[in-house]
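**Q** I'd like to go over a predicted model; first the sequence, then the structure.
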Amino acid sequence: MAYGDFVIQKDLSFTINRADIFIIMGGSGCGKSTLLRHLVGLKAPAKGQILYDDQSLWEAAPEDRDRILRNCGVMFQSGALWSSMTLAENVALPLGEYTALSPADIREIVSLKLALVGLAGFEDYYPSEISGGMQKRAGLARAMALDPDILFFDEPSAGLDPVSARLLDDLLLELRDSLGATVVVVTHELASIFAIGSNSVFLDPETKTMIAGGNPNVLLAESDDPRVRKFLTRGKAEA
Ligand SMILES: Nc1ncnc2c1ncn2[C@@H]1O[C@H](COP(=O)(O)OP(=O)(O)OP(=O)(O)O)[C@@H](O)[C@H]1O
């Protein structure tokens, strides 16, 4: 991955399995968000492939690429919701754009999605009228509007208090379990990493490549790499 000649990460090779909660982790500026942008089709790799099943995202015909990406729901850290629209209008956006459903059907699906994230009855609220945790959940409802198989989140718990962050983690676990969704999360929140992560990739900003991967709890128990240990113990382990 590179911006112009500036290489951000190289030699990345990892597999995200169905129903994983896959954590992209590593220190500030190592390229986590950049990796997410590559995975969801916003930025092309300087070299290499991103495969969905065995189809290359960046070499696929446009209609195949659209089909792959329609199966991906994305929730970015900032601007998750349009402030001038109600929650229902926000969640309805992708449905209006990508489906031929009637307004009545859209309204029904929107209510279902909001109920799924614990926001039944909040259809006509504006984002400014609800808490930060509820806004994140509404963003999640919108990411799920088109029933994607894979959900991507950039720093979902950023700006949330620990209790709201924990509730969001529980919700992600629940959605994975009930819908069989695959979840990919960029985060450096250790509590979240250990609570929800079943698989991971650990990016290192110095060597500009991945230096670990797998279940974060297993990494904590077994990794000998001082950089990984330091990160996972919040600096308590000897570097
Ligand atoms: N649009 C861009 N153009 C040029 N360089 C960029 C661009 N976006 C990010 N970078 C650089 O790429 C590197 C990785 O950034 P990225 O945001 O992916 O890291 P990150 O691990 O998500 O960081 P953080 O944890 O601080 O959010 C940084 O050095 C950043 O300055």
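**A** Sure thing, it's come through.
**Q** what residues does this protein put near the ligand?
**A** On the criterion C-beta under 6 Å from any ligand atom, the ligand has as its neighbours in the chain the residues Tyr3, Ile8, Gly26, Ser28, Gly29, Cys30, Gly31, Lys32, Ser33, Thr34. C-betas here are computed from N, CA, C, even on glycine.
**Q** so where's the longest helix in the chain?
**A** The longest helix of the chain (DSSP state H) is helix 162-179.
**Q** now the element after that one, going C-ward?
**A** With elements assigned by DSSP states H and E, the helix or strand that comes after helix 162-179 is strand 182-186.
**Q** which outside residues touch that following strand?
**A** With contact meaning C-beta atoms under 8 Å, 6 or more residues apart in numbering, strand 182-186 is reached by 16-25, 32-33, 35-36, 39, 149-156, 172, 175-176, 192, 196-197.
**Q** restricted to helices, list those.
**A** Those of the contacts of strand 182-186 lying in helices (DSSP H): Lys32, Ser33, Leu35, Leu36, Leu39, Leu172, Leu175, Arg176, Ser192, Ile196.
**Q** mind listing what Ala145 touches?
**A** Ala145 makes contact with Gly73, Val91, Ala92, Leu93, Pro94, Leu95, Ile109, Val110, Lys113 under the criterion C-beta under 8 Å, 6+ apart.
**Q** between those, which sits nearest Val163?
**A** Each of the contacts of Ala145 was checked against Val163 using C-beta to C-beta; the closest is Lys113, at 23.3 Å.
**Q** quick check: which element contains the closest one?
**A** With elements taken from DSSP H and E, the one containing Lys113 is helix 103-116.
**Q** which of the contacts of strand 182-186 count as buried?
**A** Buried members of the contacts of strand 182-186, counted by 16 or more other C-beta atoms under 10 Å: 16, 19-25, 32-33, 35-36, 39, 149-156, 172, 175-176, 192, 196-197.
**Q** other residues contacting stretch 59-70?
**A** Residues lying outside stretch 59-70 but in contact with it, judged by C-beta under 8 Å, 6+ apart, are Val40, Gly41, Gln49, Tyr52, Gln55, Leu57, Trp58, Tyr98, Leu146, Pro148.
**Q** go on, stretch 129-143?
**A** Against stretch 129-143 from outside (C-beta under 8 Å, 6+ apart): 73-75, 80-81, 87, 90-91, 93-94, 110, 113-114, 116-119, 122, 127, 151-153, 156-157, 159-161, 164-165, 167-168, 171, 175.
**Q** from the residues you listed, which would you call buried?
**A** Of the contacts of stretch 129-143, these count as buried by 16+ other C-beta under 10 Å: 73-75, 80-81, 87, 90-91, 93-94, 110, 113-114, 116-117, 119, 122, 127, 151-153, 156-157, 160, 164-165, 167-168, 171, 175.
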